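S.K.: model this:
(one chain, ligands or ions: 2)
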Amino acid sequence: MLYLHNTLTRAKEEFKPIDPNHIKMYVCGPTVYDFAHLGNARAIVVFDTLYRLLQRHYPQVTYARNITDVDDKIMAKAAETGESIETITTRTTQAFHDDMAALNALPPTVEPRATQYIGEMIDMIKTLIKKGHAYVGEGHVLFNVPSMPDYGQLSRSTHDELIAGARVDIAPYKKDATDFVLWKPSTKEQVGWDSPWGRGRPGWHIECSAMAAKNLGEIFDIHGGGLDLRFPHHENEIAQSRCVHGTTVMANYWLHNGFLMANGEKMSKSLGNFYTVRDLLTVAPGEALRLALLSSHYAKPLDFSIEALQAAKAKLDKWYGALRVVNWTPHTTGKPNSEIEDALLDDLNTPLVISHIDGLVKHVHARRISQGGGDEGVKNELLNSAHTLGLLQQSPEEWFRWQPAAQTGPTESEIEAQITARLAARQAKNYAESDRIRDALAAQGVILEDAATGTTWRRG
Ligand code: AMP
Ligand code: ZN
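M.R.: Ligands and ions are numbered 1, 2, ... in the order given. Next comes the predicted model:
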């Protein structure tokens, strides 16, 4: 039984799917104007872990995660660099895909792009006007918040708090301070589409309402995103979708991941306290970033530091070291044991899963000293457990070959040549020479490990 903390009810609830044969989940994806930072990656990795869990328990899961490829931030970037919007969004989308693949995030089932759904957005806005939930003012179309009596259920704010929270200009064309934009006019130079209200472009919130409805239907199971999206973005998605479709909910379960923090503040572009995923991938392998992101419960804030990243890398060195001990072989997927799965079914308790794996790894290393040798059962348990988190997805050899971009250690073929030379020296009983080779490699950050099956190496 899966339990999830539902922001809508502020409680941990048993997950009851609309159709147990087909689960539908929507997660707000990136606005593609710049490289993703680690805060952005947290949402992707958290919901990827949930997606993997859902796939193990239900026959079909449709996971929609959008790309916002029309936005004022993208337009600002184009104005700044002189590039076309398409050049920026294509390049940034590719970089996003590459970065998320490095974090072992599976591609979503569908990845709608906002610009492909302008027609659907216009249709929804027309319906909102017809039903008296939206109005036109100076080329804008606005959603009229007081027209929806139970607006604000997700953020549970009063009208005054909404005004303060929205931090919006009290524009003259607004009937109420909390009203938000569905459509805005574009100048000749700005990107735009023809509409009944003149040439313009959509507001951000309507994009997700249109893409979610088209791909998942009027009501679906799970909607996710970062905590900062709860208000106004998700509140407004709910308002638009419910008022268009005449439904009582948009999605049954709303999940929000907590912030990734750097020195006590939310990591964000605007504060400038961010690390891009791309830069961090030169400091540690993608799996270390992923482990660091899953080391805290998803709903809580998570402090990030380079030290924490290095600790995650060191932990994975131990895990991959254990895989060597149990004679890693390519693995076909199997089910994790119930301890691991129960932890995940309990609102994605990833820290508990990590500590279970740590226990298993300790056991392997301890046994190595007392008995040595591989163990198929333990190997499978280790892999099945770690795969639930999207970890231990490569061979130990690949893992230990990784080196930071800035490091200029010996190349793989140089290391292999030295290992061969050392073996020859040992066979000739020239131990002074074989020790010299080992020490020389150690001085260059390469550690040799001798076992009955031969010598392996890793960068230390
Ligand atoms: P933004 O780049 O601010 O539009 O955010 C894109 C996505 O990343 C949204 O889902 C945000 O909730 C999420 N996000 C941004 N910053 C953080 C952070 N520091 N911690 C967690 N999630 C974040
Ligand atoms: Zn959204």
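S.K.: if I look at the closest residue to ligand 1 within the stretch 151-300 of the chain, how far off is residue 46?
M.R.: When scored by Cβ to the nearest ligand atom, the stretch 151-300 of the chain has residue 226 as its residue closest to ligand 1, at 1.8 Å. Backbone N, C-alpha and C define where each C-beta goes, glycine included. Residue 226 sits 9 Å away from residue 46, going by Cβ to Cβ, to the nearest Å.
S.K.: neighbour-wise, which of the two wins?
M.R.: Set side by side, residue 226 and residue 46 show more neighbours around residue 46, with 27 against 21, by other Cβ atoms under 10 Å.
S.K.: Verify the stated contact: that one with residue 300.
M.R.: No - checked against Cβ atoms under 8 Å, the pair residue 46 and residue 300 is beyond contact range at 11.2 Å.
S.K.: Low-confidence bits of the stretch 101-250 of the chain, can you list those?
M.R.: By pLDDT under 70, the weakly predicted segments of the stretch 101-250 of the chain are 165-169.
S.K.: Nearest to ligand 2: which residue in it?
M.R.: residue 208 (3.1 Å; Cβ to the ion).
S.K.: And for the closest residue to residue 126 other than its chain neighbours, the neighbour number?
M.R.: Spatial nearest neighbour of residue 126, excluding adjacent residues (Cβ to Cβ, 6 or more residues apart in numbering): residue 196 at 6.8 Å. Here the count is done by other Cβ under 10 Å, and residue 196 has 11 residues near it.
S.K.: same check, this time on residue 340
M.R.: The local packing of residue 340 (other Cβ under 10 Å) involves 23 other residues.
S.K.: same for the helix or strand harbouring it, what does it pack against?
M.R.: When elements are assigned from DSSP states H and E, residue 340 belongs to helix 338-345. Packing partners of helix 338-345 (3 or more Cβ pairs under 8 Å, 6 or more residues apart in numbering; DSSP states H and E): helix 38-57, helix 350-370.
S.K.: want to throw those into TSV with distance to ligand 1?
M.R.: TSV is the format used below for the helices and strands packed on helix 338-345 (distance: least, Cβ to the nearest ligand atom, whole Å):
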stretch	distance to ligand 1
helix 38-57	3
helix 350-370	15
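S.K.: Between those, which one is closest to residue 255.
M.R.: Closest to residue 255 of the helices and strands packed on helix 338-345, according to Cβ to Cβ: helix 38-57, at 7.5 Å.
S.K.: Now look at the closest one and say if it contacts ligand 2.
M.R.: No - applying Cβ under 5 Å from the ion, one finds helix 38-57 separated from ligand 2 by no less than 11.0 Å.
S.K.: Give me the buried stretch members for that helix, please.
M.R.: Neighbour counts over helix 38-57 (16 or more other Cβ atoms under 10 Å) mark 38-54, 57 as buried.
S.K.: Only alpha carbons, please: show the helix or strand immediately after that helix in the chain as CSV.
M.R.: Using DSSP H and E, the helix or strand that follows helix 38-57 in sequence is strand 61-65. Only the C-alpha atoms of strand 61-65 are listed here, as CSV (Å, rounded to 0.1, in the frame of the first residue of the first chain):
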residue,chain,number,x,y,z
VAL,A,61,2.1,4.7,-15.7
THR,A,62,1.9,7.8,-17.8
TYR,A,63,4.2,10.4,-16.5
ALA,A,64,3.9,13.9,-18.2
ARG,A,65,6.6,16.5,-17.5
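S.K.: From the contact counts, what lies against strand 61-65?
M.R.: Short answer (3+ Cβ pairs under 8 Å, 6+ apart): strand 61-65 packs on strand 23-27, helix 38-57, helix 204-216.
S.K.: quick one, what contacts the residue in the stretch 351-460 of the chain that ligand 2 sits nearest to?
M.R.: Using Cβ to the ion, residue 390 is the residue of the stretch 351-460 of the chain that sits closest to ligand 2, at 23.3 Å. Counting by Cβ atoms under 8 Å, 6 or more residues apart in numbering, residue 390 makes contact with 45, 48, 49, 52, 103, 104, 105, 106, 287, 290.
S.K.: go again using 6 Å as the cut-off
M.R.: residue 104 (Cβ atoms under 6 Å, 6 or more residues apart in numbering).
S.K.: Check residue 448 too.
M.R.: 438, 455, 457.
S.K.: Show the pLDDT at the most centrally placed residue in the chain.
M.R.: The chain has residue 44 as the residue nearest its centroid, 1.3 Å off, counting by Cα atoms, centre = their mean. Looking at residue 44, its pLDDT is 98.
S.K.: next one: residue 448
M.R.: Looking at residue 448, its pLDDT stands at 88.
S.K.: and it, helix, strand or coil?
M.R.: Three-state call for residue 448 (DSSP: H, G, I helix; E, B strand; the rest coil): strand.
S.K.: Bridged to it, which residues?
M.R.: Judged by DSSP bridges, the bridge partners of residue 448 are residue 457.
S.K.: how much space between it and residue 460?
M.R.: Using Cβ to Cβ, one obtains 10 Å as the distance from residue 448 to residue 460.
S.K.: Can you name the residues of the chain sitting close to ligand 1?
M.R.: Residues of the chain lying near ligand 1 by Cβ under 6 Å from any ligand atom: 28, 30-31, 39-40, 42-43, 225-226, 228-229, 257, 259-260, 266-268.
S.K.: Just these: which are in strands?
M.R.: 225, 226, 257, 260, 266 (DSSP state E).
S.K.: So which of these wins on neighbours?
M.R.: Neighbour-wise, these (other Cβ under 10 Å) top out at residue 257, 28 neighbours.
S.K.: Since that was my last question, I'll sign off now.
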